[in-house]
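Using only what follows, build the 3D model:
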Amino acid sequence: MELKEREWHKLYSHPVYKVKPPEIKCDVVIIGGGPNGLAAGAYLTKAGQKVIIVDRRNELGGGIATEEATIQGGFRHNVHAVYFMMADYAPVYKDLELETKYAVRHVFPSLQFVMPFPDGKSICIYSDPQKTCKSIEKFSKHDAESYRDLFERSKKMVDEFIAPATYAPPLPALEAVVKMQAADIGREIMEFSEKSPKMVVDEYFENERVKALMLYTFCMWGLDPTQTGVGYLIPLYINRAANYRLVVHGSHTLPQEINKVFLEKGGHSMAPYHVKRVIVENGTATGVELEHGPIIKARAVISTIDTHQTFLKLVGEDNLDKEFVESTKSWLWEHWSLLGTHIALEEAPHFTCAKDDPEINKALVYVLGYESDEDFINHYEAIGRGENDGKIGFNCCFPSVHDPSQAPSGRHTGLLSQMAPFELKEGGKDRWFPLKFKEEQAWRCIKVLQKYAPNLTNDKMRGIYVSTPLDVANKYLNMVKGSIKQGAYHPLQMGYMRPNEFCSNHRSPIKNLFMGGSCTYPGGTVIFGSGYLAANAVAEDLGIKKWWKEPEGVTRAKEKGML
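Numbers count the residues shown, from 1 in each chain. Purely as a prediction, here's the structure:
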């Protein structure tokens, strides 16, 4: 039964209609319209496939959202994703012509990170490593030279292997080790793998304040400061801390432009619709059934949501063997989630530490509340105990300082992002629910900000919007327990093991069911790797001719025998 959208929506848009749901046919149906789902959809529609994206929210884009969350009138808040770390590497930008044909623009501030201190001093990370060294040198000449060496080595590791590997299928662990050990750069990366972020900080730096900033930049995307086994990501984070971007007009502009590509090439989105189940026939995925909507029959299904929802709820344990079910149930969520405080401001912050250097007021990211690496570790350990009442530390950003379109003329927006536990020691996750408690936690962060930027008095706060770890989990259902990357960055959940050995190449035990979310390799933080690799897997298995070419960095790494 082929029906146009208006016809089936009228026929079966509410449970009171007791009729057989109509069927829609397509080549590929994608569960989840976040950045990875949109990217995969755009690649496949440009390849001539009929693709449908289904999403439970009214608007596509997932966690890349921009909303007038505080007060209306032009205060545009990036309510989840704000920093973009792989805009210069991700093939999505070039392949989809996002910056040449479409309206995606980035702001790339020369001053990337500032860590202010109560005595008016500060440490800065610039896009220019020489300027960073000069800033660090004020605290330790030794640490400045260590940073210079570490940054240069990290750039080489990122250029030659880490960035290319992000957009190539992962290799089984033993095969990967053999290839890495055969190359000088590979052996160097392997040395980092067995070190924790804390070990690297102690090895290279001696000043406590320098250690504090470096450890935070290593761990702000999910590394446990004392966990070994995933240290190969440290060179990436050293390099990326000098390469963050903002999206002009707000983060949501990025998925919105990818959606334009998708729609222009004939893609179709269905939102808001909940997926009721993945249809499995004789061990093969043949489509999805929507709640209060049609059945979508397809040659392939891509799920960009988490493993639990995909397999335990939508596929069903009856369609999976016991070993796979147990592997899925053992998945580890992240140690922490985000407490976000979004502020509509009368004016931009003026940091005390900018007295002799006004450029500091133009930084992209500020890290507040820590004076030593131990301060951060204590905060991290408190999260594990479910405590949010210890020493407050967080990163913050003021997007309108760099992009005036994100606030009314002369006004500004701010975002304070604090690592916080999903389950609190007293009251569990539901303790986050009362509005009074949420606002108390937000104001605690604001009070810390005011110590460093005293011009931001209470009367300069026109409105606040608070997003707690519980709000993250409720708003983005694939971020179970507020897990912003759909799962912890743990040694047993990374590389070929993300999410497990059964789904390591973006395929799954169910034929023609592909995985393309942050729970898969290479992970989260809006790097587009999972969606890109899922599209490649679908094209290969379905015999779809690719219009896109392999990234040049991937080709070079393969020629050197590293991939």
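
rest of the way, CA atoms for contacts and neighbours
OK.

residue boundaries of the helices in the stretch 401-550 of the chain?
Taking DSSP state H, counting those that start in this stretch, the helices of the stretch 401-550 of the chain run over residues 435-452, 469-475, 529-542.

avg pLDDT for the first one?
Per-residue pLDDT values across helix 435-452 average out to 96.

got the buried residues for it?
438-439, 441-443, 445-452 (16 or more other Cα atoms under 10 Å).

again with stretch 348-368
For stretch 348-368, by 16+ other Cα under 10 Å, it's 348-354, 360-368.

what distance separates the start and the end of that stretch?
Chord length of stretch 348-368, first to last residue, is 17 Å (Cα to Cα, to the nearest Å).

roughly how far is that stretch from the heart of the chain?
The chain centroid and the centroid of stretch 348-368 are separated by 26 Å under Cα atoms, centre = their mean, to the nearest Å.

List of residues touching it?
109-117, 120-122, 213, 393-399, 401-402, 411-412, 448-449, 452-456 (Cα atoms under 8 Å, 6 or more residues apart in numbering).

now those: which count as buried?
Among these, those classed as buried by 16+ other Cα under 10 Å are 109-117, 122, 213, 393-399, 401-402, 411-412, 448-449, 452-453, 455-456.

Would you map the strands across the stretch 201-350 of the chain?
246-247, 268-270, 275-281, 284-290, 295-297, 300-303, 337-345 (DSSP state E, counting those that start in this stretch).

Nearest to Cys503 among those strands would be which one?
strand 300-303 (11.7 Å; Cα to Cα).

Which neighbouring elements make contact with the closest one?
With contacts taken as 3 or more Cα pairs under 8 Å, 6 or more residues apart in numbering; DSSP states H and E, strand 300-303 sits against strand 28-31, strand 284-290, strand 513-515.

wait, which of those is closest to Gly529?
It's strand 513-515; of these, that one is closest to Gly529 (Cα to Cα) at 11.8 Å.

Can you list the helices and strands that that closest one packs against?
By 3+ Cα pairs under 8 Å, 6+ apart, strand 513-515 packs against strand 300-303, helix 529-542.

tell me the most buried of those?
strand 300-303 (a mean of 27; mean count of other Cα atoms under 10 Å).

contacting residues around it?
27-32, 37, 285-288, 310, 512-517, 534, 538.

now with 6 Å?
28-31, 512-516 (Cα atoms under 6 Å, 6 or more residues apart in numbering).

Same question for stretch 126-133.
Here stretch 126-133 has contacts from 110-112, 125, 144, 242, using Cα under 6 Å, 6+ apart.

re earlier: okay, the helices and strands packed on strand 300-303 in CSV with mean neighbour count, mean pLDDT and distance to Glu68 next?
Below are those laid out as CSV (neighbours: other Cα atoms under 10 Å; pLDDT from 0 to 100; distance: least, Cα to Cα, whole Å):
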stretch, mean neighbour count, mean pLDDT, distance to Glu68
strand 28-31, 27, 98, 27
strand 284-290, 22, 98, 30
strand 513-515, 29, 98, 33
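
Go through the ones you listed and name the closest to Gly463.
strand 28-31 (35.2 Å).

low pLDDT regions in the stretch 351-500 of the chain?
390 (pLDDT under 70).

picking that back up, which among the strands of the stretch 201-350 of the chain is found nearest to Ala42?
strand 268-270 (10.5 Å).

ok, that closest one: who's next to it in the sheet?
strand 51-54 (parallel) (DSSP bridges).

and the partner strand, how far out from the chain's middle?
That offset, for strand 51-54, works out to 22 Å (Cα atoms, centre = their mean).

Now name the helix or strand holding Val367.
Remark: Val367 resides in strand 365-368, with elements defined by DSSP states H and E.

What ranges in the chain fall below the confidence cut-off?
Those would be 1-20, 390, if you go by pLDDT under 70 across the chain.

List the buried residues in stretch 217-235.
Quick answer for stretch 217-235 (16+ other Cα under 10 Å): 217-219, 222-225, 227-235.

Select, from those, the two members most distant in space.
Among these, Thr217 and Gly229 lie farthest apart (Cα to Cα), at 17.8 Å.

can you tell me which of the contacts of stretch 348-368 are in strands?
Counted as lying in strands by DSSP state E, out of those, are 111-116, 122, 394-397, 412.

circling back to that earlier point, which one of the buried residues of stretch 217-235 is nearest to Val92?
Distances from Val92 to the buried residues of stretch 217-235, taken as Cα to Cα, are shortest for Leu233 (21.4 Å).

And the closest one, how far from Asp159?
13 Å.

got it, and Leu449?
Distance from Leu449 to Asp159, by Cα to Cα: 36 Å.

ok, now Tyr237?
From Tyr237 to Asp159 the distance is 13 Å (Cα to Cα).

These two: who's more crowded?
Tyr237 (20 against 16; other Cα atoms under 10 Å).

Grab the nearest non-local neighbour of the more buried one.
Nearest in space to Tyr237, with sequence neighbours left out and distances taken as Cα to Cα, 6 or more residues apart in numbering, is Phe218 at 5.6 Å.

these two touch, right, Thr226 and Ser196?
Yes. Between Thr226 and Ser196 there is a contact under Cα atoms under 6 Å: 5.2 Å.

need the contact list for Gly222.
Counted by Cα under 6 Å, 6+ apart, Gly222 has zero contacts.

7 Å instead?
Tyr489 (Cα atoms under 7 Å, 6 or more residues apart in numbering).

go on, Gly62?
33-35.

residues near the closest residue to Lys391 other than its chain neighbours, how many?
Using Cα to Cα, 6+ apart and skipping the chain neighbours, the partner closest in space to Lys391 is His379 (6.6 Å). Neighbourhood size, His379 [other Cα under 10 Å]: 22.
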